[in-house]
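Asks: Just need the structure, nothing else, for what follows:
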Amino acid sequence: MPLPISDYALIGDTRTAALVGRDGSIDWMCVPRFDSGACFAALVGDDRHGRWLIEPCDKVLAVSRQYRGDTLVLDTTMRTSYGEVLITDLMVPDADLPTLVRQVTGISGMVRLYTELVLRFDYGSVVPWVTRQDDVLHAVAGPDAVAVQTTVSLVGHDLKSTGTFEVSAGESVSFAFVHYPSHESAPAVIDPVAVVESTCQWWESWMSQCHVEGPWAPAIRRSAITLKALTYAPTGGIVAAPTTSLPEQIGGERNWDYRYCWLRDATFTLYALLINGFRSEAKEWREWLLRAAAGRPEDLQILYGIAGERRVDEQSLDWLPGYRGSTPVRVGNSACTQFQLDTLGEVMDVLHLTRTLDKVDPETDAAWQLQLTLLDFLESNWERPDSSLWEVRGPQRAFTHSKVMAWVGFDRAVKAVERHGRSGPVSRWRQLRDTIHADVCQRGFDPARNTFVQSYGSQSLDAALLMVPLVGFLPATDPRVLGTVEAIEGELVSDGLVRRYTPGVELEGVGGSEGFFLPCSFWLADNYALQGRTDEARALFDRLLALRNDVGLLAEEYDPIAREMLGNFPQAFTHVALVNTAHNLSGGPSPAHHRSSDSWRGSTA
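Replies: Predicted coordinates for the structure are as follows:
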């Protein structure tokens, strides 16, 4: 059975990623890309579906883990009654091929270890043909090939490769795993020791751009590294998470594939990176967007493949039993066919951000032409019902948050003309901005309850309404915003944690329940901060930080009763919200301030 989600740590190379358990087992890894088939899929299956275990042969008495400084190099220390060892895991970000290195170093005594390599291509369904030549194990099946370099003698039996070895204090044993196309020659032997050092240097060099200070700087820096790890370097696309089908309810069917580029999630991610000094990602994502969105505006999707692919058809992998029995395991995501109005506003918002920040390359004419096309489409379609940012699979509705984000689209267009010299029909855009604002305040607000509602004519609440002041639609101290926060506190909040809404088959199109949605909980802290409820905001933020696992990572949701994370992991949306809340609490200019003005130039947290 896979470990609790919080027992995993992330390693990656900005092309794909792997999850390493506290027990020394790599239970998830897709190669060569985030959205490729997994060669280790035990996370959503069992050991038979692929994993790579390294563990002491004797009982482990204690385990501790940490990343090595500001890097994605993971150090796991295991202690037995015979001694202590350090297992270092990493992926190489500047390698030509996906390269995973595992290094075992003796700290004290003498420790005997066992390794078990179960390679299964295509999500655990394909058993490769394995041979050995000198110190390299070769595994081949169809288009996939893997070379595993090690001096440890690996023996094949029961369709897996196993071996035992010993390390004493000061000694090291290394393994290097390289994936390559099976029609090409096997890769050259690498120097694992040099690779560990160069990988540390790569991450430290990238993080040198970040100069954040203050009490939450370590949390911000770890989140920034996590977000960078979810970036697909060849194209600039940013995935929502490196996993598929980690459930929102254990044993339930709310299991989705997040290994794609949502325009909304990428937008939030860029906010978090840009406000901490990472400029090149903005240019790369902007170019990715121009390529992905090329064509008719009515064909714009809410998500794409990491290279801009439009076909991400959803299917179920029936041979996988799912994470702790949560089925189906899905690959692909049918939400790509949904109309989600808010995405247009999010895209306009992040491109507005790249205009206003220093040290970002000037906006190209092509980027502005894309925005003009999107604005024309938005003008004709803002009144349409949609599926909301929550991607509900029930009937479309006039979701209030979606209309707010349509307002954001025209508000940012007006500012592009007024403050940045762009050309466009600004008078018409101002009128549309005012029309949408009035429409939301009239049809999306319940005066009897003094709260905005989930959709026009509805009585339900929605935590997405916490974004109303964060995007500048209304001040945080407006009585309607105060009333909305109070209503959400009364109906959707428990112990500081916020549900997205009240689940229901009619709304969502699927059954079951879900955990508390962590990004919404950070948004509540943002609202407290903007309302001047600073002590409450800080207390809630500290409560949320305490939910991180031992290496600083968060999933999408949390179950406070079972005290466990739920949903795909680690989740970009959650780490973005963490970064933004830290800055909103810093006392200086913040993301919430910037999203309604052009005066942001940086802050410390």
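Asks: Neighbours of Asp365, how many?
Replies: 8 (other CB atoms under 10 Å). The way it works is simple: take the backbone N, C-alpha and C, and place the C-beta from them, glycine included.
Asks: Likewise for the one 4 residues further on?
Replies: With neighbours defined by other CB under 10 Å, the count for Gln369 comes to 11.
Asks: ok, it to Leu540 distance?
Replies: 42 Å (CB to CB, to the nearest Å).
Asks: In CSV, list the C-alpha atoms belonging to stretch 347-367.
Replies: Written as CSV, here are the backbone C-alpha positions of stretch 347-367 (Å, rounded to 0.1, in the frame of the first residue of the first chain):
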residue,chain,number,x,y,z
VAL,A,347,-4.8,35.5,-18.8
MET,A,348,-5.4,39.3,-19.2
ASP,A,349,-4.3,39.7,-15.6
VAL,A,350,-1.0,38.0,-15.8
LEU,A,351,-0.1,39.7,-19.1
HIS,A,352,-0.9,43.0,-17.3
LEU,A,353,1.5,41.9,-14.6
THR,A,354,4.3,41.3,-17.2
ARG,A,355,3.7,44.8,-18.5
THR,A,356,4.1,46.5,-15.2
LEU,A,357,7.1,44.7,-13.7
ASP,A,358,10.6,45.9,-14.3
LYS,A,359,13.2,43.7,-16.1
VAL,A,360,10.6,41.8,-18.1
ASP,A,361,11.1,42.0,-21.8
PRO,A,362,8.8,44.5,-23.5
GLU,A,363,5.4,43.1,-24.6
THR,A,364,5.4,42.1,-28.2
ASP,A,365,2.8,43.2,-30.7
ALA,A,366,1.8,39.6,-31.1
ALA,A,367,1.1,39.4,-27.3
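Asks: Could you list the domains of this structure?
Replies: For the chain, the structural domains run 5-198, 208-594, going by automatic domain parsing.
Asks: would you list the ones you listed in JSON lines and tack on mean pLDDT?
Replies: Below are those laid out as JSON lines (pLDDT from 0 to 100):
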{"stretch": "domain 5-198", "mean pLDDT": "97"}
{"stretch": "domain 208-594", "mean pLDDT": "92"}
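Asks: How is Tyr180 classified with respect to secondary structure?
Replies: strand (DSSP: H, G, I helix; E, B strand; the rest coil).
Asks: Spit out the contact partners of it.
Replies: By CB atoms under 8 Å, 6 or more residues apart in numbering, the contact list for Tyr180 reads Leu97, Ala145, Val146, Ala147, Ala186, Pro187.
Asks: let's see 10 Å
Replies: 31-32, 96-99, 140, 144-147, 186-187 (CB atoms under 10 Å, 6 or more residues apart in numbering).
Asks: now Thr76
Replies: Residues counted as contacts of Thr76 (CB under 10 Å, 6+ apart) are 9, 20-24, 54, 63-66, 85-89, 104, 551.
Asks: Only the buried subset of those, as a ChimeraX command please.
Replies: Per 16 or more other CB atoms under 10 Å, the buried members of the contacts of Thr76 correspond to this ChimeraX selection:
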select :9,20,21,22,24,54,63,65,85,86,87,88,89,104,551
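Asks: what are the ranges of the strands in the stretch 251-400 of the chain?
Replies: 261-262, 303-304, 315-316, 330-331 (DSSP state E, counting those that start in this stretch).
Asks: can the ones you listed go into TSV with extra columns for distance to Val576 and mean neighbour count?
Replies: Below are those laid out as TSV (distance: least, CB to CB, whole Å; neighbours: other CB atoms under 10 Å):
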stretch	distance to Val576	mean neighbour count
strand 261-262	12	30
strand 303-304	16	26
strand 315-316	29	14
strand 330-331	24	20
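Asks: Mind jotting down where the helices sit in the stretch 201-350 of the chain?
Replies: Per DSSP state H, counting those that start in this stretch, the stretch 201-350 of the chain carries helices over the ranges 217-229, 263-274, 280-292, 342-356.
Asks: I meant to write the stretch 451-600 of the chain there.
Replies: So, for the stretch 451-600 of the chain - with DSSP H, counting those that start in this stretch - the helices run 467-470, 479-491, 505-508, 518-530, 534-545, 572-584, 591-594.
Asks: for the first one, packing partners?
Replies: When you say that, I think you mean helix 467-470. Here helix 467-470 is seen to pack against helix 400-420, helix 479-491, helix 518-530, helix 591-594 when contacts are counted using 3 or more CB pairs under 10 Å, 6 or more residues apart in numbering; DSSP states H and E.
Asks: in it, what's buried?
Replies: Result for helix 467-470 [16+ other CB under 10 Å]: buried residues Met467, Val468, Pro469, Leu470.
Asks: what's in contact with that helix?
Replies: So helix 467-470 is contacted by 342, 389, 400-401, 404-405, 407-408, 440, 444, 452, 473-478, 480-482, 484-485, 520, 523, 526-527, 530-531, 580, 584, 590-593, 595-596 (CB under 10 Å, 6+ apart).
Asks: Going through these, which ones are buried?
Replies: Using 16+ other CB under 10 Å as the burial test, the contacts of helix 467-470 include 342, 389, 400-401, 404-405, 407-408, 440, 444, 452, 473-474, 476, 480-482, 484-485, 520, 523, 526-527, 530-531, 580, 584, 590-593, 595-596 as buried.
Asks: Any buried residues in the biggest strand by length in the chain, and which?
Replies: If you go by DSSP state E, the chain has its longest strand at strand 99-118. For strand 99-118, a neighbour-count test (16+ other CB under 10 Å) marks 99-107, 111, 113, 115-118 as buried.
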